[in-house]
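Asks: A structural model of the following input is requested.
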Amino acid sequence: MSEQHGDPGQVAREWREAAGREDVVLLDGFHALKHALRFGARVEAVVADDPEAVGALAAELAPDVEARVRGLVRGTELKGLLARVHPTGVAALAVRPDREAGLEALRRPGRTAPIVVLDNPRNLGNVGAVVRLAAGFGATGVVTRGDLDPWHPNVVRAGAGLHYATTVDRVELETLPPGPLYALDPEGEDIRALTLPDDALLAFGSERHGISPELRARADHLVSLPMRPQVSSYNLATSVAMALFHWGGPHLDQAHPEPL
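Replies: Now for the predicted structure:
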C-alpha cells in the first residue's frame, strides 16, 4: 500500500490478502492501533473510511504515534471488510508476537512483576479486560488454561491493543512459568495479611466455578479477597485489579501520565 489515497479497490484487496494470514490479528479502532504501535507491534495494514480524520485523531489523542499512523493509513470502505466498524472508523492488522520468545520471557528468572493466570476463563471480554489491567500494572504477562484463545479477536478488541504491552499466551498446568502460585479462593487467607512477591503467579478461576481442583492442589497459597457476606463473587477483571493493586503496581519511574 504505497499511497495514502490510492485505489480503494486495491487497498481492499491487499487488506483481504493480509487478513487471511494466520500470523496476523485485527486491531479494531484507533486506541488498539495506538497501543500496538506504542508497544512495538509490526503493523501490516491500516485502513479507514477517512484517512485524514484518523490522522487528525492521532494528532489529538496520540501525537507520539501520529507520524506512523499517517504513514500507514489507507482509504477504503470499511463496511465491506469488517463485520462491524469501530466508531473511530479505523482498523489495522498486526503480526502476532513470536510465541516462543514470549514463553521464554515468562520463564525468565528474576521477574520483577507477577504473572496473571486465568484458569479456564469463559468470557472473551473479561479476558481482554484482564490483559488491559495487566498491561497497566506492568505485569509480566497473562496466561490462560483451557480452550479459550487469549488472542481471539474479541479478546484483542477488549484489550485495546495492549496484548503488545505484555506477554499473552495459553499454557498447560505442567508448563506454568516458575514462581510461587497464589490462587484466589474464598477459603484462602485474607490478601490484606499477605505481601505478594514480584515473581508470584496470581491465579483466578471463573466467576461461576472458581479455580479448578488441579490448580488448587498445585497452589502454594490460597488467597481470598475481602467481600461482604452473601455477595457471591466479583467480576474477574475486578478481582485481578484488586490483587494487582495489593501487589503494588508499576514503580513510580515507570508510570505513564496518560491512561491506557
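
Asks: quick one: low-confidence ranges for the protein?
Replies: Screening the chain residue by residue with the criterion pLDDT under 70, one finds the ranges 1-6, 207, 251-260.

Asks: The strand ranked longest in it packs against which elements?
Replies: Counting residues, the longest strand found in the chain (DSSP state E) is strand 181-190. Secondary-structure packing of strand 181-190 (3 or more C-beta pairs under 8 Å, 6 or more residues apart in numbering; DSSP states H and E): strand 201-204, helix 213-218, strand 221-224, helix 236-247. Using the backbone N, CA and C atoms, a C-beta is placed for each residue, glycine as well.

Asks: how does it look with 6 Å?
Replies: strand 201-204, strand 221-224 (3 or more C-beta pairs under 6 Å, 6 or more residues apart in numbering; DSSP states H and E).

Asks: can you pull out the strands in this structure?
Replies: According to DSSP E, the strands that the chain contains are 24-28, 43-48, 73-75, 90-95, 115-119, 141-145, 167-170, 181-190, 201-204, 221-224.

Asks: Could you pull up the residues touching residue 152?
Replies: Contact criterion C-beta atoms under 6 Å, 6 or more residues apart in numbering gives residue 124 as the residues in contact with residue 152.

Asks: what do you get if the cut-off is 8 Å, keeping everything else the same?
Replies: 124, 127 (C-beta atoms under 8 Å, 6 or more residues apart in numbering).

Asks: from the middle of its chain, how far away would the lengthiest helix in the chain be?
Replies: Here the longest helix in the chain is taken by residue count, with DSSP state H as the criterion, and it is helix 124-137. Helix 124-137 has its C-alpha centroid displaced from the chain centroid by 5 Å (C-alpha atoms, centre = their mean, to the nearest Å).

Asks: Can you list the buried residues in it?
Replies: Of the residues in helix 124-137, those scored as buried under the neighbour-count criterion (16 or more other C-beta atoms under 10 Å) are 124, 126-137.

Asks: Quick one: distance of stretch 64-81 to the chain centre.
Replies: Relative to the chain's own centre, stretch 64-81 is displaced by 22 Å; criterion: C-alpha atoms, centre = their mean.

Asks: ditto for stretch 32-51
Replies: Its chain's C-alpha centre lies 15 Å from the corresponding centre of stretch 32-51 when counted by C-alpha atoms, centre = their mean.

Asks: and that stretch, which residues are buried?
Replies: Neighbour counts using 16+ other C-beta under 10 Å place 32-38, 41, 43-48, 51 of stretch 32-51 among the buried residues.
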